[in-house]
Every structure is written in C-alpha cells, then in structure tokens.
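# Next comes the sequence, and after it the predicted model I'd like to discuss.
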Number of protein chains: 2
Amino acid sequence: MQKTKSAIKGGNAGRNRGHNRRVVLDYVRRNEPTGRAEIARSCGLSIQAVSNITDALAADGFLQMVGKATGKRGKPVVQYRFNPDQSFAVGLEMRPDALVCAVLNLKGALIVADRIAISNATPARAIPLACELVEKTIEKAGRARSQLLGVGVVMPGPFGESALSGIGEANLPGWQDIDIKQSFEAALSCTVVVENDATAAAISERVAGVATKIDNLCFIYFGTGLGLGVIAGGHAQSGAFGNFGEIGHVITQVDGTACSCGNHGCLETYASRMAAKTYLKARGHSAIDTEALSRLMVAQDPDLQAWISRAAKHLSLAIGMLENIFDPEAVVLGGAMPDSIIEALIAQLSLPKGSVANRKERSIARVIKGASGRNTAAIGGASIIIHQATTPALSLFN
Amino acid sequence: MQKTKSAIKGGNAGRNRGHNRRVVLDYVRRNEPTGRAEIARSCGLSIQAVSNITDALAADGFLQMVGKATGKRGKPVVQYRFNPDQSFAVGLEMRPDALVCAVLNLKGALIVADRIAISNATPARAIPLACELVEKTIEKAGRARSQLLGVGVVMPGPFGESALSGIGEANLPGWQDIDIKQSFEAALSCTVVVENDATAAAISERVAGVATKIDNLCFIYFGTGLGLGVIAGGHAQSGAFGNFGEIGHVITQVDGTACSCGNHGCLETYASRMAAKTYLKARGHSAIDTEALSRLMVAQDPDLQAWISRAAKHLSLAIGMLENIFDPEAVVLGGAMPDSIIEALIAQLSLPKGSVANRKERSIARVIKGASGRNTAAIGGASIIIHQATTPALSLFN
DNA sequence: ATATTTAATTCAAGTTACTTGAGTAAATAA
DNA sequence: TTATTTACTCAAGTAACTTGAATTAAATAT
C-alpha cells in the first residue's frame, strides 16, 4: 500500500513568519494606503506583530510609508503602500514561431515587452534564445538582474502525455520529454513557473486587469486554439495533471466540423483564431494573421462578420455551460485576438437566461473583455510570478 | 472604495498548533498505522513536535496507540491509528417529500440512517422536525450527544437568488429567504454546514468511498435533477455564490428537449431520475420511483434500456467535457439511482478518445461508480463534517 | 553469543515570532 | 481646556516548534 504524500505540511514559527508577511503584503497591495491598526484587525494579528512585519517589509523595500491621514478622531494613521518597483517579474511566451518576453513591475504594469522570431523551436534551440531574450529585455527595462522575482514561462497546453492522446496538435515539438521548469531554472538560476496561456491570462486579470477585486472568474483565451483559465476562491485551477481548461475540445455541435483531435464539433473549430483563418481561407481570403483580422474587422468584411456570428453562437453555449458549472462572478474573453473582434463576439452573444449567473443584482456584466493582443500571454506569465509572491496560500507551508 | 476583506488571516502559535494537529490527524487517518518518525518526515515537522502532537491527540481520543511494528532494522515503530469512534458526524438531507438522517463515525462508516416522510416542507415546519430526527437518530446510534462533531445539511441547489432565474424548479419552497445554516445552528447548537447534494456526494467518496486516495475528482450526482461536485486539489469547489456544479443545465443537444429552465436540450432532460420518469411515463409506465426503476432494470425493460442508451450518449458528451475542463483523476457517477442503472450507464458510455483523460498509464478507470442509493446525500452531509474536521486547510487561519 | 548498525524515540535546552499590558502620542469632540 | 478616541511603541511574557545529545530496541554482522 502506497503511503499518501501529505501535500499539506505543518507550520512552525519560521513558516508562519513567511505566511504572515504575505498576508500583510497582500492586504496592503489590495487596500493601499492603509495603516497598521487596520491591517491588524483585518488579518487577525496583533498590532505589535503587524508593526514588526511592516517594519521588516519596509526595510526590504516591499512597503513604503506614505505619510499620515488625518480627518478622523484619534491619532492619525501612518499609512503604508505597496512598492511596485521593489522588484519585477518576467513573463516569457514560448510559441512555435516566436518568443515573447515581458517585464512587469509588482503592480502588474508593463515596463517593456520584446519578441524575437524563431523557427524550429526545439528545446535545445529555443531555451538558450529565450534566456538571452530574457536578459536583454531586463536590461532594456533598466532593471537590476538581482531584483528579478522570477520568470513565468507560458506554453500552450496540454502538458505531459497529451501528445499521445490526439489533443495538442498545436503543441511545440520535442517539449514533451523534458522538464521545462528545471531546464529554465538551470539556465536562468531563478524561480521559474510554467503554465498554460489561458491560466496565465486569468491570473493577469486578477493581478492588474479587470478582475483585481474578483476571486472567482473564468477566462476564455484565444490562442492558437481556445483555452480556459479558472480562478476559484482566488486560486488558479490546474487539474490533476496540469491540463485543466481544455475547453477548445468541448463539443458544442454533435457531428459538427471535424477537429484535429479526432472528434467532431469541438468549440475550437468554430471559435478560435485557427477557426477564423480556416473559415476565411475557404472563402478566398489569404494570409490571415492577427493584423489581417483587424483590417477585415475595420472593413466590416461580411465573411468575418458571418464567422463572428457563428462563433458567438458556439461561445454562448460554452459560456452558459461555464456559468452553470463554475458559478463565477464573471466570464472574461481575451487573448491573442484583436480587441474589436472580442468586442464584436461579446456583443453578439446570446446567453441562456436559465443560468445561475442570470442574477438581477449583478455588479459586473456576465461577460467582459479582458486583456488581449500579442503580448497577453507573456504578461500573464509575469503575472503568475507576481501572484505567487503576493498571494498567501497554504502552499507556503509546502 | 470598499476595502477588501482579507479572507486569509495571519498565523500565530495557537493557530499553528491547530493546523499542525489537523495535518498530523489527516496523515494518520490516511496512512494508518503509522509512527511518529514517518509522520514527522511527511508533514515537515520535527519528531519532537510530532511526538507532542500525537500525545495530545491520543489524550483527546483522536489517536490510538496500536503496538509496535518489528521486522525492519532499528527500534520498532510505535504505531498510531486514527480512532474512528472518538466522535461522530451527522448528515441531514432535506427533501420536499422526506427528511433523511445519517450518523457516521469518523472513518465515514454508516452507523445508523433514518428517515421520516414530510409534506409541505416549509422551513417553519421542516426545521423542528429535522432537529427532532437528528436527536432521535443520534440516540438510535447509541452515541453521546456531547460527542457530536457537527451536522451537514444537504439540500438541492442552487441557493440564493436562483429562484428568480428559472433554474431550481425542484427546489424546496420558502427556503430562499432564510439563513439555513444559522437556523439549524440555533436549533441544534452545534457546527452546521449546508451544501448541495452533489458536492456532499463528492466529499463522501473522498472520505470513505472510491476516492480516498484521489485529490481531483468530478462526481456526477443523480438527484431529482443532475448535479456536479468537484474536488480539486483535495478541496471541494463551491463557486462564487455557492452554486457551483449546475451541470444539469448544460446543453448537450441544441434545440433539444424543452427544459423547465426555459432552455432546450439540457443534459438533465436526458440523464436524470426525472428524465427517466418522464420518458417511461410517456411510454405507458406508471408510478416510477427508484424501486420501480430497479424492477424494470431486472426485467430488462426495453423502454428503460432505450432510455439508458440515450442517456449514456448525453452523459458521454458531458463527461468528455468535464475531463477536458477539470483534468480529474476520475469521474464518479452516483446518487439516488439504482446501482444497476448506474452500472449500465457506465457500460454504455462512449467517451471521446481525444481527451486529456485518455492516458495510457491510467491507474483508475476514467469513469467509476460511486456511492448510490436513498441515503447517499445524508451520508454525504455527514462526510462534509468529517472532511472539515480532518482536512487541514488555510481556512484554519480564518 | 557478542558487537555493530540502524532507526525510533526521549529529554532538556534554545529559538522564534507572536501576544499582552502598560504607557505615549496626536487628533477630534465637548 | 478637558475628555475621548484611536494609533502606536516598549518591554516582558508565552506558546510551540527546533536542535542536539542521549537512550532504547530491533536486525544484522562477526
């Protein structure tokens, strides 16, 4: 009988210290400016403890004192705020045709993004190039390498054995057999996290996007295929084998369009960049890239309009399903797709009325546009690093 | 600007103590019999700390020393095991037509289950009756009321404003406006947790069912409708508004059968007890309850066979979708449905091959049968209490 | 048989980070 | 001016964990 690995570890004074620092840091980041008494009340700690912690965080540069707040009765509050420039995070998107790198400050603001074209993106070729790009982009951002918090590497899923399964045609070749995280950690000697694009995008919305105050969201990501990133209770979902969110292969039409995965009627064959490309090519358009899509959108091309209308139908089904399953505060659409098309898709959705999401007193729309564009995934990668550094979790005890 | 309530609190020695006790208790429960050195290694604590903690847990009756294990080199391990009878948990299912109560020991074993019929289940009528049933069932189980760990109340979701939304026809009337948890806590003066049936069922599989070693699972629950309970990373998902898992209203056939929710082609109209009832009634069968379904199954009734075959098609779609979205270790089917029918449904599934779940090296089947029968939900309710008491989580710091 | 090795466990002292309680400071309200 | 309120500091106290040396008991080697 195999013993269960206890995923959850015990705590001690030291681990507690780390946890509490994150709790305080996270609270200040989300409620700045704020004072120590308020932090203590909110975080369930004594004022003295918070005082010690803020002193330490300020000494380390994570927090900044920003003067006193008067107006209320009592001794004025010495206010602290989060220092977004204490360090920085790097995001790196690995694509078959390009490597994209983004440097973000701790508030999630983009400092610099850069990219290089690449072909034949095997690990042996791509990893050194990627690392070089990372170093150059850090330099371009004018940041000290020593302040690097970590690198978030974003690759299209699914990971692992998925190559065997039919899904994952859009994957990079030769990456199934290596430990990506370890390879990058060895090359960059810093914290590295590997995630899929959709999850990265979802996290970036929570770090600095439309969902900073939202703890439960679904992000539908337009990559080559279609991905789903979910944040539940403030934490990103990743599945048992890291392949959470393969929404592209959810079937929205029985016996529909043939999909590369072997099934028919997958959502991805209707609503994805690839689907748009295929649809437009079949109607005589050529060289469909993101820019071309933008242009067709401006020109109100009837073929693109027809595609959007069809895609919106399938997306509506999928979104209704997500709402009923995840009960999120909002569904976000974004990714490597022109803003104008995402907006058009949202405008044409016909969401089911019979849904737990169809509440009268909604403070946010059911579907909102998230970050999109060519750098979304790389920004998402950096956001994961920020999220991990500032979000207290049980993982601290691991 | 509203301040974020810090959901996550800081830790101190006392909270750490509680956390560590749970970590140790959980480890022993899942790996018994085991010794202190092993616990220390697995939980990241020092042997001395574990020794103190096990002493305390043994003194409180949560752990029992069960002798020494020889055979290996070195001083023999003093083994401990979880004491399943230190206290007990109660589950209570509130249904429109009946109240079901189950008493479980801490290992999740059923001690006694009981039920009473009820009509017009308004809160004012049902809550006193339910509390009476709880007390009587505890007595019948021969347990001391003082050992009661808590009561898990199971009701069909969705909760909250859902009555407005069209979904939830099967709901109990008059329960939308009261705080169910508080009402029961006041009446029973003990810990009360309220959950939906599907989540309760999922947790019960993890506490004592087919998923004790599984951290990621999806449970499709046959209630009146169809529910989904998900455990991800060992923790039950509940959604932003407690309405996670309304899988019954996922559309598996565009323009399909009309559903009470106003949409067409909802999974629930094909695969649920209600669907079976409707299908069989339309074909001349009458008085279809669970027992009748069992009898028809034994008799190999062709109408029921046809229904199963159709339901399996729709379930296959839904399960494929769940696999792609959640990437679970397994999907479990169970609930208030005869075992024989669940088995037949599983046998007739045709799962998509293009799925992240279609791995070669699976140790468990993609779809397995979980607990089913008339008491499943009540047992699930009690399981939630057990799960909460023995599963360490960040919530300890709340 | 005896010695050695291995591993679990205990004992006592030491450490850490938090809490407590008394006291101070600075603002508004009366 | 005085009282009240609220934030914060200082110093001492405490709980729970870690560390390191010593002890115990079984399996294995000599």
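Received it, and whenever you're ready, just let me know what you need.
# and the next element down the chain from the longest helix belonging to chain A?
Taking DSSP state H as the assignment, the helix of chain A that covers the most residues is helix A:302-326. Per DSSP states H and E, the first helix or strand lying C-terminal to helix A:302-326 is strand A:330-335.
# List the buried residues for that next one?
By 16 or more other C-beta atoms under 10 Å in any protein chain shown, the buried positions in strand A:330-335 come out as A:A330, A:V331, A:V332, A:L333, A:G334, A:G335. Any C-beta I mention is one placed from the backbone N, CA and C, and that applies to glycine too.
# Extract the C-alpha trace of the strand or helix carrying A:T137 and format it as PDB.
A:T137 is part of helix A:123-140, with elements assigned from DSSP H and E. This file holds the C-alpha atoms of helix A:123-140, laid out as PDB (Å, rounded to 0.1, in the frame of the first residue of the first chain):
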ATOM      1  CA  PRO A 123      14.100  22.900 -26.600                       C
ATOM      2  CA  ALA A 124      17.800  22.800 -27.500                       C
ATOM      3  CA  ARG A 125      17.400  25.800 -29.800                       C
ATOM      4  CA  ALA A 126      14.700  27.800 -28.100                       C
ATOM      5  CA  ILE A 127      15.800  27.700 -24.400                       C
ATOM      6  CA  PRO A 128      19.100  29.500 -24.900                       C
ATOM      7  CA  LEU A 129      17.500  32.000 -27.200                       C
ATOM      8  CA  ALA A 130      14.700  32.600 -24.700                       C
ATOM      9  CA  CYS A 131      17.100  33.100 -21.900                       C
ATOM     10  CA  GLU A 132      19.100  35.600 -23.900                       C
ATOM     11  CA  LEU A 133      15.900  37.400 -24.700                       C
ATOM     12  CA  VAL A 134      15.000  37.500 -21.000                       C
ATOM     13  CA  GLU A 135      18.400  39.000 -20.100                       C
ATOM     14  CA  LYS A 136      18.200  41.600 -22.900                       C
ATOM     15  CA  THR A 137      14.600  42.600 -22.000                       C
ATOM     16  CA  ILE A 138      15.600  43.000 -18.300                       C
ATOM     17  CA  GLU A 139      18.400  45.300 -19.500                       C
ATOM     18  CA  LYS A 140      16.100  47.200 -21.800                       C
END
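# Contacts for the helix or strand just after it next, please.
From helix A:123-140 onward toward the C-terminus, using DSSP H and E, the following helix or strand is strand A:148-154. Contacts to strand A:148-154, defined as C-beta atoms under 8 Å, 6 or more residues apart in numbering or on different chains, come from residues A:87-94, A:106, A:130, A:134, A:138, A:180-181, A:184, A:188, A:190-197, A:200, A:377-378, A:380-386, A:388-389.
# strands paired with strand A:148-154, and their directions?
On the basis of DSSP bridges, the sheet neighbours of strand A:148-154 come out as strand A:88-94 (parallel), strand A:192-195 (parallel).
# want to try CSV for these, with mean neighbour count and mean pLDDT as columns?
Output for the strands paired with strand A:148-154, formatted as CSV (neighbours: other C-beta atoms under 10 Å in any protein chain shown; pLDDT from 0 to 100):
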stretch, mean neighbour count, mean pLDDT
strand A:88-94, 29, 96
strand A:192-195, 23, 93
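# The ones you listed: which one's closest to A:G245?
When the strands paired with strand A:148-154 are compared for distance to A:G245 using C-beta to C-beta, the nearest one is strand A:192-195, at 10.5 Å.
# Who's the closest spatial neighbour of A:I180, skipping the chain neighbours?
The shortest distance from A:I180 to any residue other than its chain neighbours is 5.0 Å, reached at A:V194 (C-beta to C-beta, 6 or more residues apart in numbering or on different chains).
# Make sure the one you found is actually in contact with A:D179.
No. Because the distance of 9.2 Å does not satisfy C-beta atoms under 8 Å, A:V194 is recorded as not touching A:D179.
# Need the per-residue pLDDT for A:A121.
Here the pLDDT value assigned to A:A121 is 78.
# typo on my end, it should be A:F184
The score at A:F184 is 94. That number is its pLDDT.
# wait, it sits on A:A126?
No. Contact criterion C-beta under 8 Å: A:F184 and A:A126 do not qualify, at 10.5 Å.
# give me every residue that touches the residue in chain A positioned nearest to DNA strand D.
Using C-beta to the nearest atom of the strand, the point where chain A gets nearest to DNA strand D is A:G74, with a distance of 2.1 Å. Counting by C-beta under 8 Å, 6+ apart, A:G74 touches no other residue.
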